[in-house]
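Asker: Give the three-dimensional model of this entry:
(2 chains)
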Amino acid sequence: MMGITGETVRVRFAPSPTGHLHIGGARTALFNWLFARHSKGVFILRIEDTDRTRSTEEYIDSILEGLGWLKLDWAEGPYRQTDRYDIYRKYADTLLKEGKAYHCYCTPEELEERRREAFSQEKSPKYDGRCRTLKKPPPGRKAAVRFRMPQEGQVCVDDLIKGRTVFDNALLDDLIILRSDGTPTYNFTVVVDDVDMNITHVIRGDDHLNNTPKQIHIYDALGYKIPFFAHLPMILGPDKTRLSKRHGATSVLAYKDMGYLPDALVNYLVRLGWSHGDQEIFSRDELIEYFTLENVGKSSAVFNPEKLLWLNGQYMIKSTAGELAQLVIPFLMREKIISEGDIPDKEWLSRAVATLKERSRTLTELAHLLKYYITDYVEYENKAKEKFLNEKNLENLIESKRLLEGMEAFIAPEIEKVFKSHIEERNIKLGHIAQPLRVALTGRTESPGIFDVIEIIGREKVLKRLDRAIETIRGSAYRSEVQREKE
RNA sequence: GGUCCCAUCGUCUAGUGGCCUAGGACAUGGCCCUCUCAAGGCUAAAACACGGGUUCGAAUCCCGUUGGGACCGCCA
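Answerer: Numbering: from 1, shown residues only, chains lettered A, B, ... in the order given. Sure thing, here's the model as predicted:
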């Protein structure tokens, strides 16, 4: 399919590697990716690493890894702006030659001083243009190159999301396009690259909306057609300021480590600012099919970890036990529940996971629950032990053990049959038997259905755990006996 | 200080002048299911920031007010 102009849609995600891929960046990437996929266009990755002091290789790797984890693949790139200095210089030279840019000899210190001055007088900190008309360079200074902004008239930004916004040219700054060391700056490189890479739609955060009029003038000066712009609203923290590290985990890979599923994160992120009627859960294909910029909202959205957790739980339920069993292994190792040389049987693990996946909202939670199926030594939760592993339930547990010992097939339906007829005979409720048993086997008062638990833990371990529970009761009974005698 | 953006339940949102007594989802409370916990089902409470217009009719269009946010770098 073609874009509105009839050409193939080309969009880009252009992160600067000065940090990990964060939630906001990931959503920008996602919307670009979705837009490209929806319109059968091309998604390009470009690394904006012109800030040499803050950009690192580690961050580039981390961003790539984050995008890979979210399965946002790119058709071109990653391009690197630091590989493209020649191109920017060439364009800058042209502008200089045509008088559309000029040398500026003010030092960063001087500019900083003037800016502070302007702020303290509550005036606009705009560059005063003193080098605009300079006849000859002052001696002993290195020049930066500034873009000559038009000083009168207006520019319109026709934004696909925000609509039309009009800016007065008089308020626009003569921005620096080449630093005094000859390296290019952001507002210049974006335009040159977007032109050079034939970007048709610039989809980015609305923190760039104010940059757009300046960039439009650079397009004009370069003699190029301006692309479509779509400025996405910001993602906010609970205090309604732009989401940042102080709001907690913002790195995409941190969510991976916390046991979130990439599809769930993607689904959550897309619903921040975009909707399709009342639908909450979307497959990738549905997203691609339904996604349009018209349905992107104008207002910023507060990031809500609770809803993400819920969504992740939904994706856990939707995943197959086999998939989850595979995914949970690294978490089991990290939590020291298993070791590298002792990975549980895949089929067994899948059965165990099947009983737990609707009880865990993340892979981390799943790993923790899996612990009582795997471990050799169950830890009793204090309250659970007090309430159920006591003399009152001693006979009860001995009875359960007897029942289980006599069992031929150690599978849930058989176990259930035996226990059900047992409680019928005695005219007691299942809970009466199940709860002490549950604590004896898992150490806690909540778990999947008791018959499944018994089957999965398996005959040998079940009987051992029952023995230990019985011993525990007897032991503490003995202890309290001794205690009484002492008194 | 200047410029710009934004405004529906606590949060994400539906809503494109009459289908709105404002719908869905998360979170919260209650009930059902039930061996516990989940999951699931039902249910309750919860919002059109305010003020003016326009119109037969406004959450929806216009203006203003208020509130919030972003940007104003030889950062991106």
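Asker: hey, let's count contacts and neighbours off CA atoms from now on
Answerer: Will do.
Asker: Where does pLDDT dip in the stretch 351-487 of chain A?
Answerer: Per-residue confidence for the stretch 351-487 of chain A (pLDDT under 70) gives these ranges: A:477-487.
Asker: swap in the stretch 1-150 of chain A?
Answerer: A:1-6.
Asker: Contact residues of it facing RNA strand B?
Answerer: A:15-16, A:48-51, A:104-108, A:111-112, A:115, A:119, A:122-127, A:142-144 (Cα under 7 Å from any atom of the strand).
Asker: try 6 Å this time
Answerer: Proximity of the stretch 1-150 of chain A to RNA strand B (Cα under 6 Å from any atom of the strand) is limited to residues A:15-16, A:48-51, A:105-108, A:122-126, A:144.
Asker: ok, A:Ser360 - contacts?
Answerer: Neighbouring residues of A:Ser360 by Cα atoms under 8 Å, 6 or more residues apart in numbering: A:313, A:316, A:366, A:369.
Asker: Then A:Val191?
Answerer: A:Val191 neighbours (Cα under 8 Å, 6+ apart): A:215, A:218-219.
Asker: and it, helix, strand or coil?
Answerer: What DSSP: H, G, I helix; E, B strand; the rest coil gives for A:Val191 is helix.
Asker: so which strand or helix has A:Phe229?
Answerer: In this assignment (DSSP states H and E), A:Phe229 forms part of strand A:228-232.
Asker: Tell me which helix or strand comes right after that strand.
Answerer: Later in the chain than strand A:228-232, the nearest helix or strand by DSSP H and E is strand A:235-236.
Asker: helices or strands up against that following strand?
Answerer: Counting contacts by 3 or more Cα pairs under 8 Å, 6 or more residues apart in numbering; DSSP states H and E, strand A:235-236 is packed against strand A:301-302.
Asker: quick check, the strand it packs on touching RNA strand B?
Answerer: Yes - using Cα under 6 Å from any atom of the strand, strand A:301-302 reaches RNA strand B at A:301-302.
Asker: Name the surrounding residues that touch that strand.
Answerer: By Cα under 8 Å, 6+ apart, strand A:301-302 touches A:233-238, A:240, A:272-273.
Asker: Contacting RNA strand B as well, which ones from these?
Answerer: A:240, A:272-273.
Asker: Can you flag the buried ones in these?
Answerer: The neighbour count (16 or more other Cα atoms under 10 Å) marks A:272-273 as buried among those.
Asker: With secondary structure as new columns, can the ones next to RNA strand B among the contacts of strand A:301-302 be given to me in CSV?
Answerer: Output for those, formatted as CSV (three-state DSSP):
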residue, secondary structure
A:Lys240, coil
A:Leu272, coil
A:Gly273, coil
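Asker: does any part of the strand holding A:Phe229 sit near RNA strand B?
Answerer: No - with Cα under 6 Å from any atom of the strand as the criterion, RNA strand B is not reached by strand A:228-232; the gap is at least 8.5 Å.
Asker: quick one, what contacts the residue nearest to the spatial centre of chain A?
Answerer: With distances taken as Cα atoms, centre = their mean, the residue of chain A nearest its centroid is A:Val252 (3.3 Å). Counting by Cα under 8 Å, 6+ apart, A:Val252 makes contact with A:20-23, A:26, A:66.
Asker: sorry, back to before: wait, which of the contacts of strand A:301-302 is closest to RNA strand B?
Answerer: Nearest to RNA strand B, judged by Cα to the nearest atom of the strand, of the contacts of strand A:301-302 is A:Gly273 at 2.9 Å.
Asker: what's the nearest residue to the closest one if we skip its chain neighbours?
Answerer: A:Gly297 (5.0 Å; Cα to Cα, 6 or more residues apart in numbering).
Asker: how much space between that neighbour and RNA strand B?
Answerer: Look at A:Gly297 and RNA strand B: by Cα to the nearest atom of the strand, to the nearest Å, they are 6 Å apart.
Asker: now swap in A:Ile411 and tell me
Answerer: 13 Å.
Asker: Now do the closest residue in space to that residue that isn't next to it in sequence: how many residues are near it, please.
Answerer: Nearest residue to A:Ile411 in three dimensions, chain neighbours excluded: A:Glu455, at 5.1 Å (Cα to Cα, 6+ apart). A:Glu455 has 19 neighbours, counted by other Cα atoms under 10 Å.
Asker: for A:Val195, what are its contacts?
Answerer: Each residue near A:Val195 by Cα under 8 Å, 6+ apart is listed here: A:219, A:224.
Asker: What strand or helix carries it?
Answerer: Applying DSSP H and E, one finds A:Val195 within helix A:186-196.
Asker: just A:Glu289 next, same as before
Answerer: Here A:Glu289 is assigned to helix A:284-290, by DSSP H and E.
Asker: if we can go back for a sec, possible to save the contacts of A:Val252 as a markdown table with secondary structure?
Answerer: Output for the contacts of A:Val252, formatted as a markdown table (three-state DSSP):
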| residue | secondary structure |
| --- | --- |
| A:His20 | coil |
| A:Leu21 | coil |
| A:His22 | strand |
| A:Ile23 | helix |
| A:Ala26 | helix |
| A:Gly66 | helix |
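Asker: between those residues, which is closest to A:Val155?
Answerer: Nearest to A:Val155 among those: A:Ala26, at 30.2 Å, using Cα to Cα.
Asker: OK, contacts around that closest one?
Answerer: Contact analysis of A:Ala26 by Cα under 8 Å, 6+ apart lists A:67, A:252.
Asker: on that earlier part again, next, the residue nearest to A:Ile411: secondary structure please.
Answerer: A:Glu455 - assigned by three-state DSSP - is helix.
Asker: from what I can see it touches A:Phe410, true?
Answerer: Yes - using Cα atoms under 8 Å, A:Glu455 is in contact with A:Phe410, at 6.0 Å.
Asker: So A:Glu347 versus A:Ser447, what's the distance?
Answerer: 20 Å (Cα to Cα, to the nearest Å).
Asker: and if you look at A:Glu113?
Answerer: Noted for A:Glu113: a distance of 66 Å to A:Ser447, by Cα to Cα.
Asker: cool, and A:Leu172?
Answerer: 64 Å.
Asker: One more: A:Gly68?
Answerer: Taking Cα to Cα, one finds A:Gly68 at 35 Å from A:Ser447.
Asker: Those two: which is more packed in?
Answerer: A:Ser447 (19 against 13).
Asker: residues touching that one, list them.
Answerer: A:438, A:453.
Asker: all strands in the stretch 101-250 of chain A, in order from the N-terminus.
Answerer: With strands called from DSSP state E, counting those that start in this stretch, the stretch 101-250 of chain A shows them at A:101-104, A:144-147, A:154-159, A:163-168, A:176-178, A:201-205, A:228-232, A:235-236.
Asker: From the residues of the stretch 1-150 of chain A next to RNA strand B, pick the one nearest A:Pro184.
Answerer: Taking Cα to Cα as the measure, A:Pro184 sits nearest to A:Thr50 out of these, at 7.1 Å.
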